[in-house]
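>>> Here you go, sequence then predicted model.
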Amino acid sequence: MTLAADKTAKMTTALRKAGVRVTRQRIALLSVLVEADDHPHAEELHSRAKQIEPAVSLATVYRTLSVLEAEGVVHRHSFEGGGARFETATEAHHDHIVDLDSGEVIEFNSDKIERLQDEIAAELGYDVVHHRMELYCRKRKDRA
């Protein structure tokens, strides 16, 4: 099974578990979510899903996202200065850089940052259970 098929199957299972019918409109939305690599907001997801299935309503997008989030297969991000954005939860842990000028969201992984967070928590007598890191940045003038 491909990664996209696996993600789609997990989301479909989550919808059925929550008692939600898996309609053509929802299948179109799931397809868009699986293919998205840019943390789209609900309106962007709606626009993309309508290209696949014109009958998709914005209300269906919001209801479906709410169920998928509650079932833990979609993550909602609320980055500063913008509305909620979404990504599938089947990705490995990663952190985000938000470009303040373009609004672009860049995913990154850093073993160094993960180790440092664990060290700081341990020094203070804690174990990290969960964390989220968001860096709000502007491109350097010498790299623009």
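Thanks, I have the structure now.

>>> doesn't Ala4 make contact with Glu35?
Yes: assessed by CB atoms under 8 Å, Glu35 is found in contact with Ala4 at 7.2 Å. C-betas here are computed from N, CA, C, even on glycine.

>>> Any regions of the protein where pLDDT drops low?
Regions of the chain meeting the criterion pLDDT under 70 cover residues 1, 3, 90-91, 143-144.

>>> Alpha carbons only: can I get whatever helix or strand Ser66 lives in in PDB?
Element membership of Ser66 [criterion: DSSP states H and E] is helix 58-70. Coordinates of each C-alpha in helix 58-70 appear next as PDB, following Å, rounded to 0.1, in the frame of the first residue of the first chain:
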ATOM      1  CA  LEU A  58     -17.600  24.500   2.700                       C
ATOM      2  CA  ALA A  59     -19.900  23.100   5.500                       C
ATOM      3  CA  THR A  60     -18.900  19.600   4.600                       C
ATOM      4  CA  VAL A  61     -15.200  20.600   4.700                       C
ATOM      5  CA  TYR A  62     -15.500  22.000   8.200                       C
ATOM      6  CA  ARG A  63     -17.600  19.100   9.500                       C
ATOM      7  CA  THR A  64     -15.200  16.600   8.000                       C
ATOM      8  CA  LEU A  65     -12.100  18.400   9.300                       C
ATOM      9  CA  SER A  66     -13.600  18.500  12.800                       C
ATOM     10  CA  VAL A  67     -14.200  14.800  12.800                       C
ATOM     11  CA  LEU A  68     -10.800  14.000  11.400                       C
ATOM     12  CA  GLU A  69      -9.200  16.200  14.000                       C
ATOM     13  CA  ALA A  70     -11.200  14.700  16.900                       C
END
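
>>> Residues contacting it, please?
With CB atoms under 8 Å, 6 or more residues apart in numbering as the test, helix 58-70 has contacts from 11, 14-15, 18, 20, 23, 25-26, 29, 33, 42-43, 45-46, 49, 74-76, 86.
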